[in-house]
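J.: missing the sequence, but the structure's below:
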């Protein structure tokens, strides 16, 4: 029997014993690491149809594996695997976006338009592209950014780095700061939003998040950085890490993020498009934490496309 670090030919059924290095890992992330080059969409299909088994039973993508579990992986046809080749130049683009790396972590300034991982019709996200660019590296996605959001995205190179940082995120012991352009002007320099959020999936699979009394606790701190005609550049610091949290909280206080086609204002978005904005104005600017006696601080400057929108706003009469 092979261990869960083996990467044998994908042609036959494999039964792998989970070792200590994957104890506590999500099942979908384990499969993505073992089946390098296989798109997430296929991995989720294998899970959905029950072809992947943990200790002889069907398992969901978010199942946490334990040392000693027996993982059954079905055959993956070569044709399916070969069709997963990433678009030309994309792995190199992600490799060039690396802003920090050490033994435990690799950090990139993720471009807008690239998902954190594949799935839901997306064959290649940042993790798949980086694995293609660095086939000898062991990389795991620590957290996620929305596809349109640019900025700091952290990957783990060791199991200790992955579990350690994810534990800090769950405990709220990290600092995540974003820059966003909000429609209109905040009523004061700092606005704290404490509003629970409930996630739902619409017909067709689209995710929507709403403020709801029965939702999960969510806290965002908005601080005005600079005022522009009809808009505010704001630093948003997360007190919690819910899906679409900044976007929903910004809309909840009547100042949606510029370019937000899901929670934003259509008329405002048309105005921002005329100024050159082609996507959501949300950028993960800074990520800080302490782990293993070491302090980490990763930052990414505002990209040129968003800076150009601010310049266009600045040129307008005040």
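T.: Looks like it came in fine. Please read all numbers here as calculations on a predicted model, not as lab measurements.

J.: longest single helix anywhere in this protein?
T.: The residue-count maximum for a helix in the chain (DSSP state H) belongs to helix 159-171.

J.: what's in contact with that helix?
T.: With contact meaning CB atoms under 8 Å, 6 or more residues apart in numbering, helix 159-171 is reached by 21-22, 24-25, 103-105, 140, 142-143, 154, 156, 174, 241, 289-292. Quick note: C-beta positions are derived from backbone N, CA and C, even for glycine.

J.: list the contacts for the closest residue to residue 219 other than its chain neighbours?
T.: Once flanking residues are discounted, residue 219 sits nearest to residue 239: 3.1 Å by CB to CB, 6 or more residues apart in numbering. Residues in contact with residue 239 (CB under 8 Å, 6+ apart) are 172, 218-221.

J.: In the stretch 151-300 of the chain, where is pLDDT below threshold?
T.: Across the stretch 151-300 of the chain, the ranges flagged by pLDDT under 70 are 203-205.

J.: Tell me where it has strands.
T.: Here the stretch 151-300 of the chain has its strands, by DSSP state E, counting those that start in this stretch, at 175-183, 190-194, 197-201, 207-211, 219-228, 231-238, 282-291, 294-299.

J.: hmm, back to that, what's the PyMOL syntax to select whichever of the contacts of helix 159-171 are buried?
T.: A single PyMOL command is used to select the members of the contacts of helix 159-171 judged buried by 16 or more other CB atoms under 10 Å:
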select buried, resi 22+25+104+105+140+142+143+154+156+174+289+291
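
J.: With respect to burial, which of the strands of the stretch 151-300 of the chain scores highest?
T.: Mean neighbour count, computed with mean count of other CB atoms under 10 Å, is highest for strand 175-183 among the strands of the stretch 151-300 of the chain, reaching a mean of 23.

J.: just to revisit the earlier point, give the buried residues for the longest helix of the chain.
T.: 159, 161-166, 169.

J.: Out of the residues you listed, which is nearest to residue 113?
T.: Using CB to CB, residue 169 is the member of the buried residues of helix 159-171 that lies nearest residue 113, at 24.5 Å.

J.: dump the residue contacts of the spatially most central residue of the chain.
T.: Centroid check for the chain by CA atoms, centre = their mean gives residue 144 as the closest residue, at 1.6 Å. Residue 144 sits next to 116-117, 153 when contact means CB under 8 Å, 6+ apart.

J.: Which of these has the largest number of neighbours?
T.: residue 153 (28 neighbours; other CB atoms under 10 Å).

J.: Not counting sequence-adjacent ones, nearest residue to that residue?
T.: Per CB to CB, 6+ apart, closest to residue 153 is residue 110, 4.3 Å.

J.: what about the one you found, neighbour count?
T.: 23.

J.: Touching, it and residue 96? I think so.
T.: No: using CB atoms under 8 Å, residue 110 makes no contact with residue 96, being 11.9 Å away.

J.: Spell out the residue ranges of the helices in the stretch 51-200 of the chain.
T.: In the stretch 51-200 of the chain, the segments counted as helices under DSSP state H, counting those that start in this stretch are 78-82, 90-95, 126-133, 159-171.

J.: Other residues contacting the third one?
T.: By CB under 8 Å, 6+ apart, the residues outside helix 126-133 that reach it are 32, 36-37, 39-40, 86, 90-95, 106, 108, 110, 114-118, 124, 137, 139-141, 153, 155.

J.: Tell me which residues of it come out buried.
T.: Buried, per 16+ other CB under 10 Å, within helix 126-133: 126-133.

J.: And it, how far out from the chain middle?
T.: 14 Å (CA atoms, centre = their mean, to the nearest Å).

J.: ok, now stretch 16-27?
T.: 22 Å.

J.: Over to stretch 106-125?
T.: The answer for stretch 106-125 is 8 Å, by CA atoms, centre = their mean.

J.: Ok, stretch 52-72 next?
T.: 24 Å.
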